[in-house]
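Engineer: Build the 3D model from these lines:
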Amino acid sequence: MKESLIADDVFRRAFIVALLIGILSRGLVLRITDKQYPSRPQDYLEQIIISGLAAALGAIAFPALIDKEFSALTFFAVAIQQFQGLSQEEQISIENIDEGEVVPKGAAYIAEISSTYESRSYISLFSSLVASILYIYPARAYKLGFLPCTILAIIGGAIVGFIFKWYLKRRSIGDIADVVEAKINFDGPILKVNDVYINNIGLEDSRDRYLNQGIAIELIPKDMKAYGIISDLGQRQAILHNLFIHFGINKDVDEKDLLAITKLDLNKNTLVIPYLPLVKDMDEVMKVVKSTPILEVSKGKQSAYSGEKL
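Structural biologist: You can find the predicted model right below:
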């Protein structure tokens, strides 16, 4: 068996440091609130395990190159396949759960979650790879000790982690549209928000609930490209679901008159939403709508009008 070109103590220390940095880098973008994803305890455990495995692969890649053990690099291909497989499994699980939601996420939002789930797995891989390089190379080339090599590894891993965090950061609805309060009114049995027809609400009790408990908001896009985003069906469903997970909805599954729905005002190029929250707080509702992430699938809509005013 060929002897390694890296001293055993250097390899062990570099591996442990790179492993820890890779796991901690994943923590930079791990959601920690019960209103975001992942939220279940097993999701946190799964993320720690995945980040540990990815970080371990990144930590051994540079030593493998130094020792010309190129076959070890095939683990990168295996890791990518595993990340993709986990993403697909997660998508299937969320789709199954989504069928039982009163206000579902929708296919576009689920696809966005699963793709992000995969991309975040690479943070541990590459941050630990950089940390390993910045530990081993100075230790071999300049005979630096444990502490300076560790500091260099931490700096390099942190830079990679923050680059990924910046790259994965999403713009939200508040960046592209103004959110203002709108008015619910009825024209006979016809529910309207401002002057936009919503639906025929046949039951008088349902009409009273809209008038007494309902809220309405209007999204005013800043340009035509923004209008294309908020008019996308997947994006509109994501906004509704974001409202639902924060405020619930004051209806049961069999109350067909009470809707979670969005409508376009085609005269003004705006989007209106009537909603029945469990807690009626307009300021918080507008904050939640503004915080809804912009989905990738909605970004290409009306792209030819990028920068055009409404």
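Engineer: Walking through the chain, point out its strands one by one.
Structural biologist: 177-181, 184-187, 190-193, 196-200, 215-221, 263-265, 270-275 (DSSP state E).
Engineer: Tell me which of those strands is the most buried.
Structural biologist: Mean neighbour count (mean count of other C-beta atoms under 10 Å) peaks for strand 270-275 among these, with a mean of 24. To be clear about C-beta, it is placed using only N, CA and C from the backbone, and glycine gets the same treatment.
Engineer: Turn the strands of the chain into CSV, including distance to residue 96.
Structural biologist: Formatted as CSV, the strands of the chain follow (distance: least, C-beta to C-beta, whole Å):
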stretch, distance to residue 96
strand 177-181, 32
strand 184-187, 35
strand 190-193, 32
strand 196-200, 29
strand 215-221, 31
strand 263-265, 29
strand 270-275, 26
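Engineer: And the ones you listed: which comes nearest residue 256?
Structural biologist: In terms of C-beta to C-beta, the element of these nearest to residue 256 is strand 196-200, at 9.9 Å.
Engineer: For that closest one, which helices and strands make contact with it?
Structural biologist: Judged by 3 or more C-beta pairs under 8 Å, 6 or more residues apart in numbering; DSSP states H and E, strand 196-200 is in contact with strand 190-193, strand 263-265, strand 270-275.
Engineer: Now do that strand: everything it contacts.
Structural biologist: The contact list for strand 196-200 (C-beta atoms under 8 Å, 6 or more residues apart in numbering) reads 189-192, 259, 261, 263-265, 272, 274.
Engineer: right, and the pair among those residues with maximum separation?
Structural biologist: Using C-beta to C-beta, the pair of those lying farthest apart is 189 and 264, separated by 21.6 Å.
Engineer: for the helices and strands packed on strand 196-200, which one sits closest to residue 86?
Structural biologist: Among those, the nearest to residue 86 by C-beta to C-beta is strand 270-275 (34.2 Å).
Engineer: coming back round to it: which among the helices and strands packed on strand 196-200 is found nearest to residue 44?
Structural biologist: Here strand 270-275 is closest among these (C-beta to C-beta), at 31.0 Å.
Engineer: mind listing what the closest one pairs with, with the direction of each?
Structural biologist: Strand pairing for strand 270-275, using DSSP bridges, gives strand 215-221 (antiparallel), strand 263-265 (antiparallel).
Engineer: I'd like the ones you listed written out as JSON lines, with mean pLDDT and distance to residue 118 added.
Structural biologist: Shown next, in JSON lines, are the strands paired with strand 270-275 (pLDDT from 0 to 100; distance: least, C-beta to C-beta, whole Å):
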{"stretch": "strand 215-221", "mean pLDDT": "96", "distance to residue 118": "30"}
{"stretch": "strand 263-265", "mean pLDDT": "96", "distance to residue 118": "33"}
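Engineer: Make a markdown table out of those and add distance to residue 159.
Structural biologist: Shown next, in a markdown table, are those (distance: least, C-beta to C-beta, whole Å):
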| stretch | distance to residue 159 |
| --- | --- |
| strand 215-221 | 36 |
| strand 263-265 | 44 |
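Engineer: And the helices in the stretch 201-310 of the chain, which stretches?
Structural biologist: Secondary structure of the stretch 201-310 of the chain (DSSP state H, counting those that start in this stretch): helices located at 204-213, 224-231, 233-247, 282-291.
Engineer: now the longest one against strand 177-181, angle please.
Structural biologist: Spelled out, it's helix 233-247. Interaxial angle, helix 233-247 versus strand 177-181 (axes from the mean of the first three to the mean of the last three C-alpha atoms, to 10 degrees): 50 degrees.
Engineer: counting contacts, what elements does helix 233-247 pack onto?
Structural biologist: Contact analysis of helix 233-247 by 3+ C-beta pairs under 8 Å, 6+ apart lists helix 107-119, helix 224-231, strand 270-275, helix 282-291 as its packing neighbours.
Engineer: ranking those by burial, who's on top?
Structural biologist: Most buried of those, by mean neighbour count (mean count of other C-beta under 10 Å): strand 270-275, with a mean of 24.
Engineer: ok now that strand, how far from the chain's centre?
Structural biologist: In this view, strand 270-275 has its centroid 23 Å away from the chain centroid, taken as C-alpha atoms, centre = their mean, to the nearest Å.
Engineer: what residues does that strand touch?
Structural biologist: Residues from elsewhere that reach strand 270-275 (C-beta under 8 Å, 6+ apart): 177, 182, 184, 191, 193-194, 196, 198, 210, 214-221, 230-231, 236, 239-240, 243, 247, 249, 259-265, 285, 289.
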